[in-house]
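Peer 1: Okay, predicted coordinates and the sequence, questions at the end:
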Amino acid sequence: QVQLVESGGGLVQAGGSLRLSCAASGRTSSTYVMGWFRQAPGKEREFVARIRWNSGTTSYAEIVKGRFTISKDNAKNTAYLQMNSLKLEDTAVYYCAAARSYRGNNYYEWDYWGQGTQVTVSS
């Protein structure tokens, strides 16, 4: 099992920045990929970004490409999501996820989840 704990959410004005962290513990050696998803009220959980743990290869949803950056610190077993130029529509609960092998953009494919952290972008 892998446990994930997110932090760094909060309230920010449109155009501002936030950095989310996701600390992994437990059987982290089995982690192949980590990712971020988000869920706004009344909407389905959607893919934001992923990073392969060993290679560092990243991929992003089109709606965040160029504004968000996913990164990792292997020594700390921590993944990050740097969010810049935040928009009102980025408001959501952001979830960290991990998987034992490559996973696509569908949230139900992923193995482990954090509890989520709220990001609210105000005008």
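Peer 2: Arrived safely, thanks for sending.
Peer 1: Show me what the residue most central in space within the chain bridges to in the sheet.
Peer 2: Central residue of the chain (Cα atoms, centre = their mean): residue 36, 2.1 Å from the mean position. Beta-bridge partners of residue 36, counted by DSSP bridges, are residue 49, residue 96.
Peer 1: who's in contact with it?
Peer 2: Contacts were defined as Cβ atoms under 8 Å, 6 or more residues apart in numbering; by that measure residue 36 touches 20, 22, 48, 49, 50, 70, 79, 81, 94, 95, 96, 97. Where you see a C-beta, it was placed from the backbone N, CA and C, and this is true even at glycine.
Peer 1: same check, this time on residue 51
Peer 2: Under the criterion of Cβ under 8 Å, 6+ apart, the neighbours of residue 51 are 33, 34, 35, 57, 58, 70, 71, 72, 79.
Peer 1: For residue 75, grab the count of nearby residues.
Peer 2: Around residue 75 there are 6 other residues, counting by other Cβ atoms under 10 Å.
Peer 1: my guess is it is in a helix, correct?
Peer 2: Yes. Using DSSP: H, G, I helix; E, B strand; the rest coil, the assignment for residue 75 is a helix.
Peer 1: tell me the contacts of it?
Peer 2: By Cβ under 8 Å, 6+ apart, the contact list for residue 75 is empty.
Peer 1: For it, give me the pLDDT.
Peer 2: Model confidence at residue 75, expressed as pLDDT, equals 93.
Peer 1: any idea how far it lies from residue 109?
Peer 2: Taking Cβ to Cβ, to the nearest Å as the criterion, residue 75 is separated from residue 109 by 28 Å.
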